[in-house]
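> Could you work out the structure for the sequence below:
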Amino acid sequence: MNKTYSVQRLNLLYALVQAVYFAAFSAFCGFQTVFLLDRGFTGGEAGMLASIRCLAGIIAQPVLGGWLDRHPQVRLKRVLTLMLLLSVIINTLFYCTRPSLLLTAVITFALGALDLNLYPLVDSLGLQFINAGVDLNYSFSRGAGSLAYAVSCALMGLVSSSMGAQSVVLSHSFLLVGVIISINLFPEPPKSPAAQHHGAPHTTFQILRANPSFTLMLLAVFFAVGAVLPIAGFLINVIEPLGGNDSHLGLALFLMGISELPSALLYPKLQRRFGSRSVMMLAVIGMATKPLVFLFTGSLPLLLSAQIIQMLGYGLFTPAAVYYANDNVPPADRIRGQAIMMTASNGLGGMVGNLLAGFAVDLGGAKGMLLLSFSMGLCGVACAAASLRSAKKN
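As a prediction, the model looks like this:
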């Protein structure tokens, strides 16, 4: 590590990267349904576009992660900077125009590939230091990301109510510039002597075939994340029947995001006590429980209070997934491993979940969507239990 950077300063800089990235992420993803409905699209079309955003990550991230594993001489920061600059340009054009559904789908795919699904690579920035033996506090930095997500959601709710739903697209563009600056303030990782003895990277199929327990856990998070991501994306459809508006949506997303902070900060102790596998199991159970809890919230205050369930579900999943993937793939495949985890969860899970949820909202309203989400969550719990049994056998 560059000698001018103490571990304390490194932690602060990485916390800044996570905070600004997830603030930008919230500006678009937290309010995507709101501004799409404002542009005249239906709930089903909004769900389809959210699925296309996830599809972009499914296609782009494993390919990019594998390429980076094969070319370790390429600076990850440069790749991220180039992708984010392209995203700023496309995002600004999106704000200034009112494209058709087809062109909106193309733009959404581009944004999904270039910035909305970059968190595995953002995580890899920090993991490069951790794998080299540097005492980087990932959980602290991820907690900063959750806090920034929460605050950004609350602010975007006020901005959307006062300046119109389309203003969040422009806000996303400005925040992306902040992401570029924070990434380039972050130092280059140290060169680990052991890194050159990890061997050649493997294909995704080889990784999955060699580790059935890892594969089953990927299937579990596919169902579990597919159960909870649509709830965040279509939360406005749950809030409006209870008398809420965009400001209440921002408050709900703020409470959801802030509930992830204790999980991020407590995760190191949980991992030392129970291990990443057991914490992943707990996270899957928490994500499966969330739609069931929301089904029984008959008022806006109860719905807002129920956001705390995020602490035991997705809040635990975000740090646990990073460490679980890092621990369960060969060292030469660690960037690809993060990409595979993202592909199974927020990629495939988000794509299928959002697509089905959009049609469920049109056909059965918010309750229909929540019932669908609960069913997916139960499938996730079953797969996670099978993963733990497979790990014990091996």
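
> Assign residue 41 to helix, strand or coil.
Three-state call for residue 41 (DSSP: H, G, I helix; E, B strand; the rest coil): coil.

> Let me know the distance separating the nearest residue to it once chain neighbours are set aside from residue 234.
In space, and not counting its chain neighbours, residue 41 is closest to residue 101: 6.8 Å by Cβ to Cβ, 6 or more residues apart in numbering. Bear in mind the C-beta positions are built from the backbone N, C-alpha and C, glycine included. Distance check for residue 101 against residue 234: by Cβ to Cβ, to the nearest Å, it reads 18 Å.

> what about these two, which has more around it?
residue 234 (25 against 14; other Cβ atoms under 10 Å).

> show me the contacts for the more buried one.
Residues in contact with residue 234, defined by Cβ atoms under 8 Å, 6 or more residues apart in numbering, are 33, 43, 46-47, 357-358, 361, 366, 369.

> Select from these the one having the most neighbours.
residue 357 (32 neighbours).

> Residue 298: what secondary structure?
Under three-state DSSP, residue 298 falls in the coil class.

> burial count for the closest residue to it other than its chain neighbours?
Computed as Cβ to Cβ, 6+ apart, the closest residue to residue 298 that is not its neighbour in sequence is residue 242, at 7.9 Å. By the criterion of other Cβ under 10 Å, residue 242 has 16 neighbours.

> just the one 10 residues further on next, same as before
The burial metric for residue 252, expressed as a neighbour count using other Cβ under 10 Å, is 25.

> How far off centre is the helix or strand containing it?
Assessed by DSSP states H and E, residue 252 sits inside helix 246-258. Helix 246-258 sits 17 Å away from the centroid of its parent chain (Cα atoms, centre = their mean, to the nearest Å).

> and it, what's its mean pLDDT?
In this model, helix 246-258 carries a mean pLDDT of 85.

> ok, residue 107 - contacts?
Contacts of residue 107 (Cβ under 8 Å, 6+ apart): 90, 93-94, 99.

> Looking at these, state which has the most neighbours.
Ranking these using other Cβ under 10 Å puts residue 94 first, with 23 neighbours.

> Residue 85 contacts residue 180, correct?
Yes: using Cβ atoms under 8 Å, residue 85 is in contact with residue 180, at 6.7 Å.

> Just the mean pLDDT for stretch 12-20, thanks.
On average, stretch 12-20 scores 92.

> likewise stretch 274-293?
Averaged over stretch 274-293, pLDDT sits at 92.

> how about the CA coordinates for it, as PDB?
Provided in PDB are the C-alpha atoms of stretch 274-293 (Å, rounded to 0.1, in the frame of the first residue of the first chain):
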ATOM      1  CA  PHE A 274     -21.300 -18.300  13.200                       C
ATOM      2  CA  GLY A 275     -19.400 -18.100   9.800                       C
ATOM      3  CA  SER A 276     -20.600 -16.600   6.500                       C
ATOM      4  CA  ARG A 277     -22.700 -19.700   5.600                       C
ATOM      5  CA  SER A 278     -24.900 -19.500   8.700                       C
ATOM      6  CA  VAL A 279     -25.300 -15.700   8.300                       C
ATOM      7  CA  MET A 280     -26.300 -16.200   4.700                       C
ATOM      8  CA  MET A 281     -29.000 -18.600   5.900                       C
ATOM      9  CA  LEU A 282     -30.300 -16.100   8.400                       C
ATOM     10  CA  ALA A 283     -30.300 -13.400   5.700                       C
ATOM     11  CA  VAL A 284     -32.300 -15.600   3.300                       C
ATOM     12  CA  ILE A 285     -34.900 -16.300   6.100                       C
ATOM     13  CA  GLY A 286     -35.100 -12.600   6.800                       C
ATOM     14  CA  MET A 287     -35.700 -11.800   3.100                       C
ATOM     15  CA  ALA A 288     -38.400 -14.400   2.900                       C
ATOM     16  CA  THR A 289     -40.100 -13.000   6.000                       C
ATOM     17  CA  LYS A 290     -40.300  -9.400   4.700                       C
ATOM     18  CA  PRO A 291     -43.200  -9.800   2.200                       C
ATOM     19  CA  LEU A 292     -45.200 -11.700   4.800                       C
ATOM     20  CA  VAL A 293     -44.700  -8.900   7.300                       C
END
